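Engineer: Give the three-dimensional model of this entry:
(one chain, ligands or ions: 4)
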Amino acid sequence: AKVNGRNQVCFFAASMTRELVRKKEIEAELRAALARDELSIFFQPIVDLETGRIRTFEALVRWFHPEKGELRPDEFIPVAEETGVIITLGNWITAQAARACAQWPEDVTVAVNLSPLQIRASGAALGILQALREANLSPSRLELEVTESLFLDDNQNTARFIKELSEQGVRFALDDFGTGYSSLGYINKFPFKKIKVDRSFVSGPNIGVKSDAIIRAVAEMGSTLEMDIVAEGLETIDQVRAVREAGCTLGQGYYFSRAVPDYLAAMLLAQERNE
Ligand code: C2E
Ligand code: CA
Ligand code: CA
Ligand code: CA
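Structural biologist: Ligands and ions are numbered 1, 2, ... in the order given. Predicted coordinates:
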């Protein structure tokens, strides 16, 4: 039993080392990828459910790896977060998103996802304002999407970050609502303009009377507090009708469009405005 125990320890240590090596590899590859231009930002429309017009594009990062092909953010954002690369990567994403938005009509905004680590970094708010200045984009055209995990350890920097940028006109959206540690306290405490109801309330195995009632309650709250309620993951016209009927103001999902490159985003806008 003793020998077995020691072997187990060895095995455990070896697998930890492998995991560490793998992370180091992805970290190094990510830094190189940034330098080699293998990353790009795609944009997915967020549509006004009343008028059908595009109000916002959400920036979603893509990695076109020369050998592994297209990598989804779920495969590398977590590593970027653990290794700190997310700071460099995040700054780059915000800059690209701001630049693209500056080309669009003035009533269209861009939404950027922020990791908690980016927000806690010193000078985070300044970095974002600088990206906006460099792109010549008004702060009111930027939305920052944050998840509830940001508030897990109640941090002064977080509150300051949100306050500073809100005062400049940047808007905040609460992402993936209903999946994490949902507390109405965050909505009460921070000036969110938008709540994005997670797609698990729209499609999947747990859809029914309950999820419908929850969406209705959130939509009702949104209308009272003058917040937009976005339904995520809309894939069918039936889903679109259901969430509109439940009172959601905005929708996002493959039913409308997948995330597309910036030139296609610009084309979608031009098309819509020429009709
Ligand atoms: P998210 O912020 O919840 O983004 C929405 C995800 O849902 C996107 O996946 C989008 O492509 C996908 N989606 C949109 N409509 C539909 C639909 O109708 N059906 C289905 N099944 N999926 C839909 P994506 O691009 O793979 O991104 C995954 C996650 O990675 C994002 O979830 C976000 O948490 C993170 N992420 C993406 N880009 C960035 C980024 O630039 N920075 C950071 N920090 N995180 C990012
Ligand atoms: Ca998001
Ligand atoms: Ca989401
Ligand atoms: Ca998500």
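
Engineer: Show me the strands in the protein, by range?
Structural biologist: Using DSSP state E, the strands of the chain run over 39-48, 54-65, 69-71, 109-113, 142-146, 171-177, 192-197, 228-231, 250-251.

Engineer: as a whole number, average confidence for the fifth one?
Structural biologist: So that's strand 142-146. Strand 142-146 shows a mean pLDDT of 97.

Engineer: and if you look at the first one?
Structural biologist: Predicted confidence along strand 39-48 averages 97 (mean pLDDT).

Engineer: pull the CA atoms of that strand into PDB?
Structural biologist: Once non-C-alpha atoms are left out, strand 39-48 reads as follows in PDB (Å, rounded to 0.1, in the frame of the first residue of the first chain):
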ATOM      1  CA  LEU A  39      -6.300  36.400 -33.700                       C
ATOM      2  CA  SER A  40      -9.200  38.300 -35.000                       C
ATOM      3  CA  ILE A  41     -12.400  39.800 -33.600                       C
ATOM      4  CA  PHE A  42     -15.700  38.800 -34.900                       C
ATOM      5  CA  PHE A  43     -19.000  40.700 -34.300                       C
ATOM      6  CA  GLN A  44     -22.400  39.300 -33.500                       C
ATOM      7  CA  PRO A  45     -25.400  41.600 -33.900                       C
ATOM      8  CA  ILE A  46     -27.700  42.300 -31.000                       C
ATOM      9  CA  VAL A  47     -31.100  43.200 -32.400                       C
ATOM     10  CA  ASP A  48     -34.000  45.400 -31.300                       C
END
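
Engineer: any idea how far residue 142 is from residue 89?
Structural biologist: From residue 89 across to residue 142, the span is 17 Å (C-beta to C-beta, to the nearest Å). From N, CA and C alone the C-beta is placed, and that goes for glycine too.

Engineer: neighbour count winner among these two?
Structural biologist: Neighbours per residue, other C-beta atoms under 10 Å: of residue 89 and residue 142, the larger number sits with residue 142, 26 against 23.

Engineer: Nearest spatial neighbour of the more buried one, chain-adjacent residues omitted?
Structural biologist: residue 170 (5.1 Å; C-beta to C-beta, 6 or more residues apart in numbering).

Engineer: Distance of that neighbour relative to residue 211?
Structural biologist: Distance of residue 170 to residue 211, given as C-beta to C-beta: 31 Å.

Engineer: neighbour count winner among these two?
Structural biologist: A count of neighbours by other C-beta under 10 Å puts residue 170 above the other of residue 170 and residue 211, at 23 against 19.
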